[in-house]
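Student: Give me coordinates for this.
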Amino acid sequence: MLMGALASCGEKPAAATPTGSAPAPAPVTSVDPNADFEEMTLSLAHTAATAHAHNVAATLFADRVSELTGGKVTVTVYPNQELGDQPAILESCSLGGDADIVVVSQSNIATYMPKLNALSAPFLFDDYDHAHRVIDNYVMDWINADMPAAMNTYALSMFDYGFRHVTTKGIEINTADDLAGVKIRVPGSAGLLAAFDALGSNTQTIAYSELYQSLKQGVVDAEENPVATVLADSFFECQDQLAITGHFFDMQALLINNDTWSGMSPELQAVIQQAAIEAQDKTRELISGGEADTIAELESKGMNVTYPDKASFVAKMEPAYAEMGKLAGQAEMDALLKAVEDNR
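Tutor: Numbers count the residues shown, from 1 in each chain. So this is what the prediction gives:
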C-alpha cells in the first residue's frame, strides 16, 4: 500500500487546481428570533498574518456567528500570535484559558494525539481535491473520535494551509539531489524533518518568529512553506528561488474548547458548526484557487520558479514513511493510507 501511494504521488503533481468544496451541511439561513442564545464573547486565536487567508476565514467565522445569533454571540479574533504561538494557544484552548477557539497545525495536535503524525507523511495527496475528500470523508471523524478525551477540544473544521514548497537563496532546485546538504529551516513536524533528512538536507528547527531574520542573515539558506505564506510574510525579500515541490499538504484545525462546546445549546452548536464550515471553505477557495496567481506574483517580485522532478523526491521517501508509522502507530498509518487510496 505504501509503495502504491508513493508511486501514485509520483505520477500526479500537487500543483494547484481550482477546486470545489465537498458538500457542506445545509446552511443555517435564518435564526429563530425567539431562540434563547445566551450572550457571550468567545476568543479565536491564530498565528497567521493579518493578510493571510486564515485571518480572512477567522473574520468570516466571527461575522457569521454574530449574524446568525442576532449579535448575541461575539467572536473576537486575535491574529498574528497576539495570544502566543501555536503550542501556547493550543494549551490555552485545552485548559480553558484565554483562547476559546484556535487554529493550529496537525503537527502541534500530534503532541497530544500521536496518531496525527500519520498526516505528516510526505506526498500523501495528489492535489487539493484529493486532500479535501480525505479530510471530509475520513480525517475529521478520525480526529474527533479521540480529541475530546485526549485534549479537551473538539475539531469544528479544517483550514487549508496549502501544499508546501521550497524556497532558497542562490540554489536552484530541479531534483531531490539539489537539496542534499542545504541548510534548510524545517518546523518541528516529525514528518517534515524525516522527509528532509531522507533527502540529506541539513535541517534546522528555528522558531517561525525568527525565520525571516534567519534567512536574511544567512543562518539558513532555505525554508519551506505554502506560497501564500511566502508572499504574506515577504520571504521573497530574502529568497530568490521557489521550487514547486508540493512535498507536504499542510492543514490546520479549527478547534474549540470541549467544555465550552458541550455547554452550548444544540441551536448554538449548529450555528458555530455552520460558520466553521463556511470559514473552512473560504480557505479552500483562497489557498487552492489563488495558488497560481500567488506564484505569478512571487515571480513578479523576482523569484525564479522551478518545477522539480517529483519522482526523484518520492523515490527517497520510504524512510520517512517508516518513521511516521513508528510515531503514529502502524495500524493508524495503514488506516490513513487506505483512506487516501479509497478517496483517489
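
Student: For the nearest residue to P148 once chain neighbours are set aside, which residues are in contact?
Tutor: Distances taken as C-beta to C-beta, 6 or more residues apart in numbering put N258 closest to P148, at 4.5 Å, once the chain neighbours are dropped. In this view, the C-beta of every residue, glycine as well, is placed from N, C-alpha and C. By C-beta atoms under 8 Å, 6 or more residues apart in numbering, the contact set of N258 is M147, P148, N152, T153, Y154.

Student: want to throw these into CSV with distance to Y321 and neighbour count?
Tutor: What follows is the contacts of N258, written out as CSV (distance: C-beta to C-beta, whole Å; neighbours: other C-beta atoms under 10 Å):
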residue, distance to Y321, neighbour count
M147, 24, 21
P148, 29, 15
N152, 31, 19
T153, 28, 26
Y154, 30, 22
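
Student: Tell me the one of those nearest T47?
Tutor: Among these, T153 lies closest to T47 (C-beta to C-beta), at 16.4 Å.

Student: quick one: low-confidence ranges for the stretch 151-300 of the chain?
Tutor: Within the stretch 151-300 of the chain, no range satisfies pLDDT under 70.

Student: which residues in it form strands?
Tutor: Assigned strands in the stretch 151-300 of the chain, in chain order: 153-168, 183-185, 202-204, 222-225, 241-257 (criterion: DSSP state E, counting those that start in this stretch).

Student: Can you give the strand pairings for the last one, parallel or anti for each?
Tutor: With DSSP bridges as the test, strand 241-257 is paired with strand 101-105 (antiparallel), strand 153-168 (antiparallel), strand 304-306 (parallel).

Student: Which positions within the second one qualify as buried?
Tutor: Within strand 153-168, the residues scored as buried using 16 or more other C-beta atoms under 10 Å are 153-168.

Student: how close does the nearest residue to E267 once chain neighbours are set aside sit to T69?
Tutor: In this structure, E267 finds its nearest non-sequential neighbour in A35, 5.3 Å apart by C-beta to C-beta, 6+ apart. With distances taken as C-beta to C-beta, to the nearest Å, A35 is found 8 Å from T69.

Student: Neighbour count: those two, which is higher?
Tutor: Ranked by neighbour count (other C-beta atoms under 10 Å), A35 and T69 place T69 first, with 23 against 14.

Student: for the more buried one, what are its contacts?
Tutor: T69 neighbours (C-beta under 8 Å, 6+ apart): V31, A35, F37, L268, V271.

Student: what's the most distant pair in those?
Tutor: Farthest-apart pair in these is V31 and L268; separation 10.0 Å (C-beta to C-beta).

Student: so where's the stretch 1-150 of the chain shaky on pLDDT?
Tutor: For the stretch 1-150 of the chain, the ranges with pLDDT under 70 are 1-34.

Student: Just the helices from it, written as ranges.
Tutor: Along the stretch 1-150 of the chain, the stretches classed as helices by DSSP state H, counting those that start in this stretch are 2-11, 53-68, 86-95, 106-109, 128-134, 140-144, 147-151.

Student: closest to K316 out of these?
Tutor: Proximity to K316, assessed across the helices of the stretch 1-150 of the chain by C-beta to C-beta, is greatest for helix 2-11 (9.8 Å).

Student: what's the closest non-adjacent residue to E172?
Tutor: Q241 is the one closest to E172 (C-beta to C-beta, 6+ apart), at 5.6 Å.

Student: Enumerate the positions of the biggest helix by length in the chain that are buried.
Tutor: Identified as the longest helix of the chain according to DSSP state H is helix 266-289. For helix 266-289, the neighbour count (16+ other C-beta under 10 Å) marks 267-289 as buried.

Student: ditto for stretch 177-189
Tutor: The neighbour-count check on stretch 177-189 (16+ other C-beta under 10 Å) flags D178, L179, V182, K183, I184, R185, V186, P187, G188, S189 as buried.

Student: In helices, which of those appear?
Tutor: Using DSSP H, none of the buried residues of stretch 177-189 sit in helices.

Student: Out of those residues, flag the one nearest to T50.
Tutor: Nearest member of these to T50, counting by C-beta to C-beta, is P187, at 20.8 Å.

Student: That closest one contacts T205, doesn't it?
Tutor: Yes: counting by C-beta atoms under 8 Å, T205 is a contact partner of P187 at 7.0 Å.

Student: Which residues are in contact with I143?
Tutor: I109, M113, L116, A155, A253.

Student: I'd like the distance between the third one and A232.
Tutor: In this view, L116 and A232 are 25 Å apart by C-beta to C-beta.

Student: Those two: which is more packed in?
Tutor: The neighbour count for L116 versus A232, taken as other C-beta under 10 Å, is higher for L116 (25 against 19).

Student: excluding its backbone neighbours, what's nearest that one?
Tutor: Of all residues not flanking L116 in the chain, A110 sits nearest, at 4.0 Å (C-beta to C-beta, 6+ apart).
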